[in-house]
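Chemist: any chance you could fold what I've pasted below:
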Amino acid sequence: GINVTKHEAAFSFKDVTVRRSRGFGIFVNSSYGSALLNGVTVSENGADGIRYVGHDLRPDERVDRSKVYDFCTLTTTQWQTYPLQLSFEQSQFALSQKKC
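Modeler: Numbering: from 1, shown residues only. All right, here's what the predicted structure looks like:
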């Protein structure tokens, strides 16, 4: 799989296929935002196909963790980015259920 953590600028993947990864297909931990995936196919992975974490802030940026957001509030946060199309399917093995 692909792991993008602590990036300092925008990034993009174009025409990439990630298949049969033992973990996440693509994992993004972004306090910065500006991730573009265009023409990306992610399939047959052991965990989530794409895991986008938008609230794991780096300690040097926000110590009090006062603005923690999860997937359900992603589109209503102050750092909105459009156009943004999100689709996801919850695994029956998820540790907690989300109803957005």
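
Chemist: neighbours of the nearest residue to Gly23 once chain neighbours are set aside, how many?
Modeler: Nearest residue to Gly23, sequence neighbours excluded (Cβ to Cβ, 6 or more residues apart in numbering): Ala47, at 5.0 Å. C-betas here are computed from N, CA, C, even on glycine. For Ala47, the tally of surrounding residues (other Cβ atoms under 10 Å) stands at 14.

Chemist: I figured Ala47 hits Ile26, correct?
Modeler: No - between Ala47 and Ile26 there is no contact, the gap being 10.7 Å when judged by Cβ atoms under 8 Å.

Chemist: need the phi and psi values for Arg20.
Modeler: Backbone geometry at Arg20, expressed as degrees, to the nearest 10, gives phi 60, psi 40.

Chemist: which residues touch it?
Modeler: With contact taken as Cβ atoms under 8 Å, 6 or more residues apart in numbering, Arg20 is in contact with 44-45.

Chemist: what pLDDT does the model give it?
Modeler: Arg20 is assigned 90 on the pLDDT scale.
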